[in-house]
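[1] coords please:
(chains A and B)
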Amino acid sequence: MSLTDSTPAAAQRFVRADGPEKVTGSGRYAADLELPGMLHAAFRYADMAPARLAGIDTSKAAAMPGVLAVMTAADVPDLRYSPGIADRKLFATDMVRFEGEILAAVAATTPAIAAAAAAAIEVSYESLPAVTDIETALDPAAPLVHPEWADYQVDEGIVREGNLACFSSIERGDAEAAMHEAHTVVTSRYVADGCHAVPIEPRAVAAQWEGNKVTIWSSTQVPFDARAGVCETLQMPTNRVRIIVPHLGGGFGGKCGFHYEAHVAALARAARRPVKLVFSRAEEFLAPDRRREGMVFELTSALDADGRLQARTGTVLIDCGAYVADAAFFPQLAAMHAVGPYQVPNIKIDASLIYTNHQPSGSVRAPTAPQACWAVESHTDELAAAAGLDPVEFRRLNAVDSRTVGPTGQTYEEIGLQECIDAATNAVSYGDELAEDEAIGVAIGWWPTFVSPAGAFLKMDEDGSVQILTGAQECGTGAVMTLRQLAADELGIDPERIEMIYQDTAAAPFGPGATGSQTLVNNGRAVIAGAKQIADQLRELAADQLEAAADDIVLIDGIAHVAGSPTAAVAIDDLAATAAGGELLLGHGSDPFPEPPEAVGTTCVGDQGLTAWVGPQFSCHAVRIRLDRDTGVVRVLDVGAAHDSGTIINPAGALGQVHGAVMMGIGQALTEGTVYDEHGHQRNADLLEYKLQTIADVPHIHTSFIEPPTNNAGPRGAKGLAEAPNVATAAAISNGLAKLIGTPVRMLPMTAERVWDTIGSAHDQVAAATEGHGK
Amino acid sequence: MSASFLQAASVDEALAALDAGARPIAGGTDLVVGARQGKAPLPAALVAIDRLDDELGSISDNPDGSLTIGSLVNHLRLMSEPLVVERATALADGAALIGSPATRNVGTIGGNVMNASPAMDTGAALAVLGATVHLRSASGPDRILELDELWTGPGTTTARPDELCVGLSLPARPPRSGSAYLRLEYRRAMEIAVVGAAASISLSADNLVETVSIALTAVAPTILAVEGTAALAGRAVDTNLLDQVAALASEQARPIADLRASERYRRHTVGVMARRALEAAAERAQGIKLGVPVNRNKGIGVSL
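    This next block holds a predicted model:
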């Protein structure tokens, strides 16, 4: 890591303001809330799916002692919602499309009574055939998951038809022609299962009304999106809905979006009592519309005689599940990852988001990227082999670099991908001799930096201490905690003098929330802008007292002094006291965000604006693995993770993100995958059968941050970070395995049994070939 | 919630409670977790035996060379107690693989045996070590059962509801003997056996097999003792023998197919586990030290 002594305060120390409470157990989460007279909520989910709803009778449930409210679709405004494609209702009306579909909600005096009442609701169904295979879902004969799809309200430019929820393509040059002229053409197919975010805290929501205003405590990553969802579905103005997030017990994208806040608010209004909903682990697996999507990839690439990429065509199918949730942008993002950070002049990628009767997919940490990177980078090792090149040499030859043109025509400024390749491979001594049954796989990845509006208020009170009011949301990354370091550096004070008011939509201006690795980039920009205003006020006050020009005042270490004259100084606390008797020290920030660069020469059907990226992030993971050939069990021993995420402002937080993401990537690679039955119901919706990696599985992780100067990004050249390290790990493991087996494992997760089957097939092929030669 | 809960102050008090219909609880790692998962509600009446360490918590080295292990001995102690590690190494291997450190701190050998799961990690080890189970009741004489007399199916035993497991006995082992338990694991903690195998072996002075015993985990309704191992006496522990043992294990296994593995994969890997367990047991019989759990030495879940 290239940090130096001149790095600002923010980089040198990092105190998580929320740390002590979380570690000692005094911190409170949404499920801990107890409100006077509070009731408990339970949902009634679909007993079979898909099915047509023939009738629903809540009378027995409503008559049960202790039940104060029972709600169905009849009790809320009849409308469809969801960003991009409004295909969802709070409660099912005519059809249930997946097993986590909500038919009714109950509020009762105890959780047990609520559960019993939910079970007592009588529902009759007519079973429907399930759509579970994305490869046949677009057949004209396939049943429609949404027979009324054509009536839905959708955003302009969205391309869709029937079970094709959303289509997007990217095209540049003439890929077909280039294929014909190529020296080598390789085609590959890869299939990735869906998986889950699995935050440790199952979500909880509580709601309490005061007159016509409601306060909702929710374990959401995106309080402002949650508020928007409540306002849309219950038809309320934003200033009467307040979302507060107590401590959040992890999210990983699974708690992005609007989920159950409106259900609980509606129940509380009907029951005239506060109501709390707490999910079980099974509900956390089955119900939310934030599952990592299953995908199918068909990729064909062409090389010239030197092994240079000439063209890529590809088809990407994405399992949308029963509703679109926030996945309308997935096709183009997946298409970008199906190309990857390579200099390939001719591309044509078609990506389709396809309705099925599975749980809806939605943004989980770097949506579509780990699967797509796994497929593309495994394909890339097949290309390298076809070209007779070492996989690392192949990437050095073909990957983008500073001042080169990427596959969609974006010209890069200073980027660090080639340096990432060096750092990651060096970290695991790539090229050195390895023990038997060990190999090093290498993969590269990329990820955008997302920009959006965000605001912040700041105030310095009479004692010189500061409050930041920010719309930022802490989901465990520590990124919010970094905001006070940014303000401290502007104000010249100790970060410990700054407190933050956050996770409350009534207190702070809008922020995008803990989604898309945006906190530092967007909320950071707002906080710095607000802090600068107070810093300017302090300089004016100091200039008056010191009889100097405001521009010559330096704020540092709690002192305002004249530049070059450290003794001509006044304490910032004294300036704050002075200001408290007159013009108060207040700041507010919401600077415009960077403009996206141009994608020159790229055309798209169903463009979603993702073909050129602000502050593109790059990464290389090199993973040393050992294979137990007799069982197919893989152990990850060493991970070299090198990242260009721009300037690293908070090294401790950044390392934490890489370590956590690598472990998530190992899980996706080896053990985490949803298994469905023929109805599209999950068979492993629990922590015994859905196998997360454990602390005992953690390999040695060697992290490097490459920090090229980055103009078009966040504060001080920071890009995002929370998602980028989740992109390349599974791909690198795949490439290590392919070296050991002689062929890739073409299914994700690469479970022990799948690995063992692949070894067996490889043996069979070798045996058959040998036998053939013998004859 | 159970309607009644008695903290027993003595084994006699616990036996009286069992006689009156209560069920025993020690670590609760099966009972409480099962109730939370909705497998079975907690019994109406519980008698807690977890404070009866004086009577049920010791490991004794008997004059005849046998070991007696109290039913309250927890898995952490089994995996770290030198007597167990040296003389019943397979049991230490199995105990060391159970759940997490928290599970091993509270889960007991008595509970593990009486829960009678075919996937239990101590079961195959106890089987190849020839363990017997001591049952006591308020109403009748003590009973000492062989494991195959105790276990009748997943979660079922021949123990009467009024009987309490007070301990296990492991008979003396001949000189130049060793044992090992291996488990297939997809991750290195919080894992449940997909398949596993234990082996015990005793060798002659010239390293030929005198006795060998193999038992399999999670491939039948109970822990499965492999038949036909008597015929291996007098043979050297070589590739042929290991292949033969792997084949015996795979042939005799009656695995199911489920989320964790297919029938075919289980049948194959239980043979791999049996081969490795026997190889490890034979190395230990020759005085070669292999750490506990031996999973970390034999290819699965290797250490960094």
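
[2] what's downstream of the strand or helix carrying A:Thr300, the next helix or strand?
    Using DSSP states H and E, A:Thr300 maps to strand A:295-303. Later in the chain than strand A:295-303, the nearest helix or strand by DSSP H and E is strand A:309-321.

[3] and the helix or strand hosting A:His180, what's its mean pLDDT?
    Taking DSSP H and E as the criterion, A:His180 maps to helix A:175-181. Across helix A:175-181, the average pLDDT comes to 97.

[4] got it, and stretch A:257-274?
    Here the average pLDDT along stretch A:257-274 is 97.

[5] What are the buried residues along it?
    Buried residues in stretch A:257-274, counting neighbours by 16 or more other C-beta atoms under 10 Å in any protein chain shown, are found at A:257-271, A:273-274. All C-beta atoms are positioned from the backbone trio N, CA, C, and that covers glycine.

[6] neighbours around the closest residue to A:Gly307 other than its chain neighbours, how many?
    Counting by C-beta to C-beta, 6 or more residues apart in numbering or on different chains, A:Gly307 lies nearest to A:Ala387, which is 3.4 Å off, once chain neighbours are set aside. Number of residues near A:Ala387 (other C-beta atoms under 10 Å in any protein chain shown) recorded here: 22.

[7] and the angle for the strand holding A:Thr300 with strand A:309-321?
    Strand A:295-303 and strand A:309-321 are oriented at 180 degrees to each other (axes from the mean of the first three to the mean of the last three C-alpha atoms, to 10 degrees).

[8] And strand A:295-303, what does it pack against?
    On a contact count with 3 or more C-beta pairs under 8 Å, 6 or more residues apart in numbering or on different chains; DSSP states H and E, strand A:295-303 meets helix A:175-181, strand A:184-192, strand A:309-321, helix A:330-339, helix A:369-387.

[9] count of residues packed around A:Leu397?
    16.

[10] got it, and the one 5 residues further on?
    A count of nearby residues for A:Ser402, using other C-beta under 10 Å, gives 14.

[11] SS state for it?
    Recorded secondary structure, A:Ser402: coil (DSSP: H, G, I helix; E, B strand; the rest coil).

[12] was I right about it contacting A:Glu414?
    Yes: under the contact definition of C-beta atoms under 8 Å, A:Ser402 touches A:Glu414, with a separation of 5.0 Å.

[13] Common neighbours of these two, please.
    Common neighbours of A:Ser402 and A:Glu414 (criterion: C-beta atoms under 8 Å, 6 or more residues apart in numbering or on different chains): A:Pro708.

[14] I'd like the helices and strands packed on strand A:295-303 written out as JSON lines, with distance to A:Tyr355 added.
    What follows is these, written out as JSON lines (distance: least, C-beta to C-beta, whole Å):
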{"stretch": "helix A:175-181", "distance to A:Tyr355": "28"}
{"stretch": "strand A:184-192", "distance to A:Tyr355": "18"}
{"stretch": "strand A:309-321", "distance to A:Tyr355": "5"}
{"stretch": "helix A:330-339", "distance to A:Tyr355": "13"}
{"stretch": "helix A:369-387", "distance to A:Tyr355": "19"}
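
[15] Tell me which of these is the most buried.
    Comparing these by mean neighbour count (mean count of other C-beta atoms under 10 Å in any protein chain shown), helix A:330-339 comes out on top with a mean of 28.

[16] That one packs against which elements?
    Contacts defined by 3+ C-beta pairs under 8 Å, 6+ apart place helix A:330-339 against strand A:164-172, strand A:295-303, strand A:309-321, strand A:346-355, helix A:369-387, strand A:438-447.

[17] Serialize those to TSV and add fields for distance to A:Ala228 and mean pLDDT.
    Converted to TSV, the helices and strands packed on helix A:330-339 look like this (distance: least, C-beta to C-beta, whole Å; pLDDT from 0 to 100):
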stretch	distance to A:Ala228	mean pLDDT
strand A:164-172	21	97
strand A:295-303	29	98
strand A:309-321	22	98
strand A:346-355	22	98
helix A:369-387	26	98
strand A:438-447	25	98
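
[18] Low-confidence regions, the chain specifically.
    Going with chain A. A:1-15, A:770-775 (pLDDT under 70).

[19] Not quite, go with chain B.
    B:1, B:301-304.

[20] all helices of it, in order?
    Secondary structure of chain B (DSSP state H): helices located at B:11-19, B:31-36, B:53-56, B:75-80, B:82-87, B:89-97, B:101-106, B:109-115, B:123-128, B:147-150, B:239-252, B:263-285.

[21] would you list these in TSV and tack on distance to A:Ala369 and mean neighbour count?
    Shown next, in TSV, are these (distance: least, C-beta to C-beta, whole Å; neighbours: other C-beta atoms under 10 Å in any protein chain shown):
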stretch	distance to A:Ala369	mean neighbour count
helix B:11-19	57	19
helix B:31-36	36	15
helix B:53-56	54	16
helix B:75-80	41	22
helix B:82-87	47	16
helix B:89-97	35	30
helix B:101-106	35	15
helix B:109-115	43	24
helix B:123-128	43	31
helix B:147-150	51	18
helix B:239-252	41	18
helix B:263-285	30	26
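
[22] now for those, which one comes closest to A:Ser352?
    helix B:263-285 (33.4 Å; C-beta to C-beta).

[23] Show me which residues of chain B sit near chain A.
    Residues of chain B lying close to chain A by C-beta under 8 Å from any C-beta of the partner chain are B:37, B:100, B:184-190, B:192, B:259-262, B:265, B:268-269, B:272, B:299-302, B:304.

[24] and these, which are buried?
    Buried among the residues of chain B next to chain A (16+ other C-beta under 10 Å): B:184-190, B:192, B:260-261, B:265, B:268-269, B:272, B:299-302.

[25] now, which of the residues you listed lie within strands?
    If you go by DSSP state E, these have nothing in strands.

[26] A:Ala577 against A:Glu462, yeah?
    Yes: if you go by C-beta under 8 Å, A:Ala577 and A:Glu462 touch, sitting 5.3 Å apart.

[27] Can you spell out which helices and strands pack onto the helix or strand hosting A:Glu540?
    Counting by DSSP H and E, the element that carries A:Glu540 is helix A:524-546. Using 3+ C-beta pairs under 8 Å, 6+ apart, the elements in contact with helix A:524-546 are strand A:456-460, strand A:466-470, helix A:479-491, strand A:553-556, strand A:559-562, strand A:565-571, helix A:572-580, strand A:585-589.

[28] CA atoms only for it, dumped as CSV, please.
    Only the C-alpha atoms of helix A:524-546 are listed here, as CSV (Å, rounded to 0.1, in the frame of the first residue of the first chain):
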residue,chain,number,x,y,z
GLY,A,524,-18.3,12.2,1.3
ARG,A,525,-18.6,14.8,-1.4
ALA,A,526,-21.6,16.4,0.4
VAL,A,527,-19.9,16.3,3.8
ILE,A,528,-16.7,17.9,2.5
ALA,A,529,-18.7,20.7,0.8
GLY,A,530,-20.6,21.4,4.0
ALA,A,531,-17.4,21.3,6.1
LYS,A,532,-15.8,23.8,3.7
GLN,A,533,-18.5,26.3,4.4
ILE,A,534,-17.8,26.1,8.2
ALA,A,535,-14.1,26.2,7.5
ASP,A,536,-14.6,29.4,5.5
GLN,A,537,-16.6,30.9,8.4
LEU,A,538,-13.8,30.0,10.8
ARG,A,539,-11.2,31.5,8.6
GLU,A,540,-13.2,34.8,8.4
LEU,A,541,-13.5,34.9,12.2
ALA,A,542,-9.8,34.1,12.7
ALA,A,543,-8.8,36.7,10.1
ASP,A,544,-10.7,39.3,12.1
GLN,A,545,-9.0,38.4,15.3
LEU,A,546,-5.5,37.9,13.9
